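Participant: Show me how the following folds:
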Amino acid sequence: MPSTRNYDFLIKLLLIGDSGVGKSCCLLRFSEDSFTPSFITTIGIDFKIRTIDLDGKRVKLQIWDTAGQERFRTITTAYYRGAMGILLVYDVTDERSFNNIRTWFENVEHHATEGVNKILIGNKCDWEEKRVISQEKGQALADELGIPFLEVSAKSNINIDKAFYSLATDIKKRLIDSSKNDPSAASGVNVGDKSEASMASKCC
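Facilitator: Numbering: from 1, shown residues only. This next block holds a predicted model:
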């Protein structure tokens with residue numbers, strides 16, 4: 001079957017974190033540059049695609065938005081395996097979502113591929129009057145976990161692109177480095193298959 005792909009790299013990213021932290025809003029802002037103030041609960045898993053340019057290479061990002069509710073964690077576990085980058089998202093106005101990041105991180109460590117790139121994201125940074133988690137506290141947790149950190153706002157479009165581009169850049173570098181040591185790990189790794197669409201469910 002002839003290849004018709006129009007990208008150099010295909011990278012699967014996963015958004016995880018408690019329900020209500022704004023994962024769907026971050027995804028919508030990045031993929032469609034839009035924002036909805038109404039609360040969206042993702043049923044199961046939804047994904048969107050955006051192709052970006054990184055250092056002259058076309059990188060196709062396949063971004064999966066997971067449900068944060070406890071009852072859906074068994075669904076998301078299967079998706080950790082194929083993820084090449086994971087965004088751990090909390091809400092700076094919700095202390096519980098921040099405290100639960102360690103649990104989400106442990107899930108990643110147990111279920112994701114070894115060496116997967118990760119970034120800690122504090123969403124709703126524009127909501128200063130409601131903030132309960134300081135930027136310093138977020139940075140301290142990221143340092144403890146050994147991963148990068150950014151505060152973002154899907155509503156005000158603060159650092160959303162930066163978060164995804166930063167993670168994609170780190171992954172691309174890792175793929176290039178690994179392909180030098182292992183030719184079979186060359187660029188354009190296809191992390192998806194035909195079952196993606198059937199396994200994804202979206203609630204608007």
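
Participant: I would like the residues contacting the helix ranked longest in the chain, please.
Facilitator: Looking across the chain with DSSP state H, the single longest helix is helix 160-181. Residues from elsewhere that reach helix 160-181 (CB atoms under 8 Å, 6 or more residues apart in numbering): 9, 11, 13, 26, 29-30, 50, 52, 54-55, 57, 59, 61, 63, 84-85, 87, 115, 117, 119, 121, 148, 150, 152-154, 185-187, 189. Glycine gets a C-beta too; all of them are placed from N, C-alpha and C.

Participant: from the chain's centre, how far out does it sit?
Facilitator: 13 Å (CA atoms, centre = their mean, to the nearest Å).

Participant: For it, list every residue counted as buried.
Facilitator: Neighbour counts using 16 or more other CB atoms under 10 Å place 160, 163, 164, 165, 166, 167, 168, 170, 171, 172, 174, 175 of helix 160-181 among the buried residues.

Participant: do stretch 101-121 as well
Facilitator: Going by 16+ other CB under 10 Å, stretch 101-121 has these buried residues: 101, 104-105, 107-108, 111-112, 116-121.

Participant: Keeping just the C-alphas, turn it into PDB.
Facilitator: The C-alpha trace of stretch 101-121 is given here as PDB (Å, rounded to 0.1, in the frame of the first residue of the first chain):
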ATOM      1  CA  ILE A 101      -1.400  15.000  40.200                       C
ATOM      2  CA  ARG A 102       0.900  12.600  42.100                       C
ATOM      3  CA  THR A 103      -1.600   9.800  41.600                       C
ATOM      4  CA  TRP A 104      -1.900  10.600  37.900                       C
ATOM      5  CA  PHE A 105       1.900  10.600  37.700                       C
ATOM      6  CA  GLU A 106       2.100   7.200  39.400                       C
ATOM      7  CA  ASN A 107      -0.400   5.900  36.800                       C
ATOM      8  CA  VAL A 108       1.800   7.200  34.000                       C
ATOM      9  CA  GLU A 109       4.800   5.600  35.600                       C
ATOM     10  CA  HIS A 110       3.000   2.200  35.800                       C
ATOM     11  CA  HIS A 111       1.200   2.100  32.500                       C
ATOM     12  CA  ALA A 112       3.000   4.400  30.000                       C
ATOM     13  CA  THR A 113       6.000   3.500  27.800                       C
ATOM     14  CA  GLU A 114       9.300   3.900  29.500                       C
ATOM     15  CA  GLY A 115      10.900   7.300  28.700                       C
ATOM     16  CA  VAL A 116       7.600   9.000  27.700                       C
ATOM     17  CA  ASN A 117       7.900  12.800  27.800                       C
ATOM     18  CA  LYS A 118       5.700  14.500  30.400                       C
ATOM     19  CA  ILE A 119       4.800  18.100  31.300                       C
ATOM     20  CA  LEU A 120       2.900  19.500  34.200                       C
ATOM     21  CA  ILE A 121       0.200  22.100  33.300                       C
END
